[in-house]
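Trainee: sequence first, then the predicted structure:
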Amino acid sequence: MISLLTPTHWKDYELIDCGDFEKLERFGNLVLSRPEPQAVWKKTLSENDWKKQTHIRFKGRSATSGEWVKNSAHLPDRWNVEYKNDDVTINLRLGLTSFKHVGVFPEQAVNWDYISSSIKKFKTPSPKVLNLFAYTGAASLIAKAAGADTTHVDSIKQVVNWANENQELSKLKDVRWVVEDALKFVKRELKRGKKYNGIILDPPAFGHGPNGEKWKLEDHIQEMMQDVVQLLDEEEHFLILNTYSLGFSSVIVENLIKTSFPQVRNLETGELYLQATSGIKLPLGVFGKFNTFK
């Protein structure tokens, strides 16, 4: 069965509407409108409704960059939001970047809940969790807050610094920060004989390592999966693979996991989406996840 999952209890986030290649979202008290390539249908709310509700709008200059236009000079460039589930609470610093992102992918909250609930079920004291392509660190902080010894790997120093800011905001400490190409790091951990109870992968369609290493999802994901499953603790583990690429279906993710790790148990695959208050669903990537407990 393919699951369709959406965050259900994030008070500081709301997708208000989406369509005509845009989305209207509330982060805390601020409402932003920004581009969304998946929103190929028409908006549910009127242009007037969008205009009335928007505090800050992203105006694209090219396919990859643009500028934020505020309806008041007093609006901040940076602000904080909280995420809370039954197990943990974290705080995240958001910011207006020149490439339309704000520092969090809200649909990932579904995966955060899976991470914290899996860690709480582990019998292993201080389980080890590895977060690859870890961005600004929400998943790393969820794992840390749930009691895991957490390693965070990303190839871009600025986002790792941002993740460290989020750690301080969340009053957590001792996440291990690694600025490195994810595939290189995994291969080195294999040589060292390291094992992890939890592994999180959220690879981009394209990317670059700190030394110019190239990452292309369809070219490298099989090699990554073959390597990464060897790092899993045999007795007690979870793994999440999340991909956001228009050409990838959850069946591809299922095949990747089953061929890399034939002994997989409790496998769940599906699609993540955000439910708009206006009634429409915004699909935002596919996932595969599995766990095993003592």
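Mentor: That came through, no problem.

Trainee: my reading is that Ile257 lies in a strand. Confirm?
Mentor: No: per DSSP: H, G, I helix; E, B strand; the rest coil, Ile257 lies outside any strand segment and is helix.

Trainee: so what's it up against?
Mentor: By Cβ atoms under 8 Å, 6 or more residues apart in numbering, the contact list for Ile257 reads Met225, Leu239, Leu241, Val264, Leu267, Thr269, Gly288, Phe290. C-beta coordinates here come from the backbone N, C-alpha and C atoms, glycine included.

Trainee: may I see these arranged in CSV, with secondary structure as well?
Mentor: Shown next, in CSV, are the contacts of Ile257 (three-state DSSP):
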residue, secondary structure
Met225, helix
Leu239, strand
Leu241, strand
Val264, coil
Leu267, coil
Thr269, strand
Gly288, strand
Phe290, strand
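
Trainee: now do the contacts for Glu271.
Mentor: Ile2, Ser3, Leu4, Leu5, Ser250, Pro283, Gly285, Val286, Phe287.

Trainee: sec struct for it, please.
Mentor: Per three-state DSSP, Glu271 ends up strand.

Trainee: where does the prediction get shaky in the stretch 101-250 of the chain?
Mentor: 246 (pLDDT under 70).

Trainee: I'd guessed Thr124 sits against Gly198; true?
Mentor: No: with contact defined as Cβ atoms under 8 Å, Thr124 does not count as touching Gly198 (10.0 Å).

Trainee: and these two? Which one has more around it.
Mentor: Gly198 (27 against 16; other Cβ atoms under 10 Å).

Trainee: secondary structure element for the residue nearest to the more buried one when sequence neighbours are not counted?
Mentor: Using Cβ to Cβ, 6 or more residues apart in numbering and skipping the chain neighbours, the partner closest in space to Gly198 is Val129 (3.8 Å). Assigned by DSSP states H and E, Val129 belongs to strand 128-132.

Trainee: ditto for Ile199
Mentor: strand 198-201.

Trainee: sheet partners, orientation included, of that strand?
Mentor: strand 128-132 (parallel), strand 237-243 (parallel) (DSSP bridges).
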